[in-house]
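Trainee: A predicted structure for the sequence below; I have some questions about it.
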Amino acid sequence: MKKVIIFAILPLFIIGCTTKKIYVHDPLKNELLAYTQKFEDVNNKFLVVATYLNPIHQNILEDKQNEYFILSIYPKESIIDYRSFKVNNDSNATKIEVLADDDPLLKLTTFKMPWGKYLKVSAPQIDSDTLNLTFDRIIDISGTSRSLQVSLNFRKIAKSLYWNSK
C-alpha cells in the first residue's frame, strides 16, 4: 500500500516541479519606472499615473521639440480642467489629447489601467533639469464644486541602475 501511494505521489511531484515560468528581464521597463510618477487622493478616490516618454522613447516620438507625457486617470468619469495643464508653470502651447484604450502609444508605458482614461500631454521643450506637470480636477461635492490640483515632478535624467547613454 505504501508503494502505491509513493508511486502515485512521485509523478505529481515531478510534474509540479517542471512547470516553471521563465522570467524575462526587461531593462526598458525598469528604466521607464524611473520616469513614472503617481498622484493619489485617497479621500476623493482619485489616482493619476504619469510617464515621461522623452528619455526612453525619443526615437519613436514624432516631434523631438516637445516634452511628452502619458497620463492614466482613475476614475474614468473624473472631470479634468484641460485648460489648467501646465508644465513648469507654463501653459503656452500645451496640448492634451484623449487616447483610446487601444492606442499604440499606451504600449510605450509600463502601467496599464483598463478602468481609467488616458491622456497624451505635449508641451514645448523646456530647458530645465526637472519638469513639473500640474492640472486641476474638478470635484463636485453636494452641489458645490472645488478643484484639486494635481502635481507630478519628473527629472529629465533619472538616476537609474540601468542607464543607457544611447
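Mentor: Received the coordinates, thanks.

Trainee: wait, a helix at residue 55?
Mentor: No - Residue 55 is assigned coil when assessed by DSSP: H, G, I helix; E, B strand; the rest coil, not a helix.

Trainee: I'd say it and residue 157 touch.
Mentor: Yes - using Cβ atoms under 8 Å, residue 55 makes contact with residue 157 at a distance of 6.9 Å. The C-beta positions use only the backbone N, C-alpha and C, and glycine is treated the same way.

Trainee: the more surrounded of the two?
Mentor: Each of residue 55 and residue 157 had its neighbours counted (other Cβ atoms under 10 Å), and the higher figure belongs to residue 55 (18 against 11).

Trainee: how far away is residue 2 from residue 9?
Mentor: With the distance defined as Cβ to Cβ, to the nearest Å, residue 2 ends up 11 Å from residue 9.

Trainee: please say which of those two ends up with more neighbours.
Mentor: Remark: of residue 2 and residue 9, residue 9 carries more neighbours, 10 against 6, as counted by other Cβ under 10 Å.

Trainee: please, which helix or strand holds that one?
Mentor: Taking DSSP states H and E as the definition, one finds residue 9 inside helix 2-18.

Trainee: if you average the pLDDT over that helix, what comes out?
Mentor: Helix 2-18 carries an average pLDDT of 72.

Trainee: also stretch 58-70?
Mentor: 82.

Trainee: distance from it to the middle of the chain?
Mentor: Offset of stretch 58-70 from its chain centre (Cα atoms, centre = their mean, to the nearest Å): 16 Å.

Trainee: that one: which residues count as buried?
Mentor: Neighbour-count burial for stretch 58-70, with 16 or more other Cβ atoms under 10 Å as criterion, is recorded at 61, 66, 67, 68, 69, 70.

Trainee: mind listing what the third one touches?
Mentor: Spelled out, it's residue 67. Listed by Cβ atoms under 8 Å, 6 or more residues apart in numbering, the contact set of residue 67 reads 52, 54, 87, 122, 123, 124, 125, 126, 131.

Trainee: repeat that for the last one.
Mentor: Contacts were defined as Cβ under 8 Å, 6+ apart; by that measure residue 70 touches 50, 51, 53, 99, 105, 106, 108, 109, 118, 119, 120, 121.

Trainee: same check, this time on the fifth one
Mentor: The neighbourhood of residue 69, defined by Cβ under 8 Å, 6+ apart, consists of 50, 51, 52, 53, 120, 121, 122, 133, 154.

Trainee: min pLDDT across the residues you listed, which one?
Mentor: Confidence-wise, residue 53 trails the rest of the contacts of residue 69, at 88.

Trainee: can you tell me the element the closest residue to that residue other than its chain neighbours falls in?
Mentor: Once flanking residues are discounted, residue 53 sits nearest to residue 68: 4.3 Å by Cβ to Cβ, 6 or more residues apart in numbering. Element membership for residue 68, per DSSP H and E: strand 66-74.
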